[in-house]
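In: My questions concern the predicted model and sequence given below.
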Amino acid sequence: MEFDAAFIGTGRVAWSLADAFVDVGYFVRFASNRTEEPLKKFAEEFMVDEISTNIKDIGKFTSKFQVCVIAVPDSVIKEVADTLAGLPLKFKTTLFMHLSGSKTTAELSSLKKMGAMTGSFHIPQSFPERKATRLWDLPVCIEASSVKAEKMMLQIARRLELKPVCIKPELKIYYHLAAVFASNFFPTIIADSMKMFELAGGNKKDYFKIFTPIIETTIENIIDNGPENSVSGVISRKDFDIIQEHLNALDSDISTREQLLTYIRLSEETAKMLGINLKITIYQKRRSG
């Protein structure tokens, strides 16, 4: 089945999804964005039929799309849905789906009341720029308000060569937490590692020349063997004397006190995962004090 689409919002994720749509033969019939310049670039890139900075203009083109992609910040999904629900749209034959990883179809309840199919379609990938990122072979989390909506989103996912996973609305927040832990916090750990390298006298621009191999190997090991089988270093060796030296060094410099807390937390969690009894002296002193 062919699907033509409308896009409300033309940000980073919208660019990649629209690119995937066009690549498989879908058409973007309408696009709306609050600011005109990015909207014009989006329309030019994906040969959009009609554009407007006012989403209410979507009501003029109701016969031209079967899917409405709500690609806006989480905080305004409900507002956009409520606005769309007040327009003369063909709700019963249209799927409205947002792209949030944490928000559920509850944000689209006003559209569901109008008889529309509703759902969320989240691709757990980083989209750092407003340009197309290839999506095929990536997973997509599908959460739907009805069997019909789920079936339609599964059709779209498979046409785009995505790997769909369906999830219940009440459990979606844990799915999003999984994505946050997998992606959002990793750059912070690398930033702390870079700081340690600089304290060692290293030049920040040389960091990845030295540490890229160990970062890549660790990630590959986690993927191939699981996290519990991918730990090397002082904790897995139960080298408690070196761990204490690490703690003393981090505690002695006021500029690394935040890294000290991170080290303690991660060391405890790593030891627990490996079934190792790790006693952190400094942490015990600070708790008791």
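Out: Happy to help now that I have it.

In: Okay, the one residue sitting closest to the centre of the chain and residue 182: tell me how far apart.
Out: Of all residues in the chain, the one closest to the mean position by Cα atoms, centre = their mean is residue 124, 4.4 Å from it. Per Cβ to Cβ, to the nearest Å, residue 124 is found 8 Å from residue 182. Glycine gets a C-beta too; all of them are placed from N, C-alpha and C.

In: What of residue 257?
Out: With distances taken as Cβ to Cβ, residue 257 is found 27 Å from residue 182.

In: Please apply the same query to residue 70.
Out: Distance of residue 70 to residue 182, given as Cβ to Cβ: 25 Å.

In: Name the residue in those two with the higher neighbour count.
Out: The neighbour comparison of residue 70 against residue 182 (other Cβ atoms under 10 Å) goes to residue 70, with 27 against 11.

In: Excluding covalently adjacent residues, which one is nearest to that one?
Out: Spatial nearest neighbour of residue 70, chain neighbours left out: residue 98 (4.2 Å); criterion: Cβ to Cβ, 6 or more residues apart in numbering.

In: And the helices in the stretch 51-200 of the chain?
Out: Under the criterion DSSP state H, counting those that start in this stretch, the stretch 51-200 of the chain contains helices at 77-85, 109-113, 147-159, 172-183, 186-199.

In: list the helices and strands the shortest one packs on?
Out: For helix 109-113, the helices and strands in contact under the criterion 3 or more Cβ pairs under 8 Å, 6 or more residues apart in numbering; DSSP states H and E are helix 77-85, strand 117-122.

In: now for these, which one comes closest to residue 202?
Out: The minimum distance between residue 202 and the helices and strands packed on helix 109-113 falls on strand 117-122, with 38.2 Å, by Cβ to Cβ.

In: Count the residues that sit near residue 134.
Out: Per other Cβ under 10 Å, the neighbour tally for residue 134 reads 12.

In: export the helix or strand hosting residue 219 as CSV, just CAs?
Out: Counting by DSSP states H and E, the element that carries residue 219 is helix 207-225. Taking C-alpha atoms only, helix 207-225 is exported to CSV below (Å, rounded to 0.1, in the frame of the first residue of the first chain):
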residue,chain,number,x,y,z
TYR,A,207,42.6,12.0,22.8
PHE,A,208,40.9,10.0,20.1
LYS,A,209,44.2,9.1,18.4
ILE,A,210,45.0,7.2,21.6
PHE,A,211,41.7,6.0,23.0
THR,A,212,39.6,5.2,19.8
PRO,A,213,40.8,1.6,19.7
ILE,A,214,39.8,0.8,23.3
ILE,A,215,36.4,2.6,22.9
GLU,A,216,35.6,0.8,19.7
THR,A,217,36.7,-2.6,21.0
THR,A,218,34.7,-2.2,24.2
ILE,A,219,31.5,-1.4,22.3
GLU,A,220,32.1,-4.3,19.9
ASN,A,221,32.6,-6.6,22.9
ILE,A,222,29.4,-5.4,24.6
ILE,A,223,27.5,-6.0,21.4
ASP,A,224,29.0,-9.5,20.8
ASN,A,225,29.3,-10.8,24.4
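
In: Just the buried positions in the following helix or strand past that helix, please.
Out: Using DSSP H and E, the next helix or strand after helix 207-225 towards the C-terminus is helix 240-252. For helix 240-252, a neighbour-count test (16 or more other Cβ atoms under 10 Å) marks 243, 246, 247, 250, 251 as buried.
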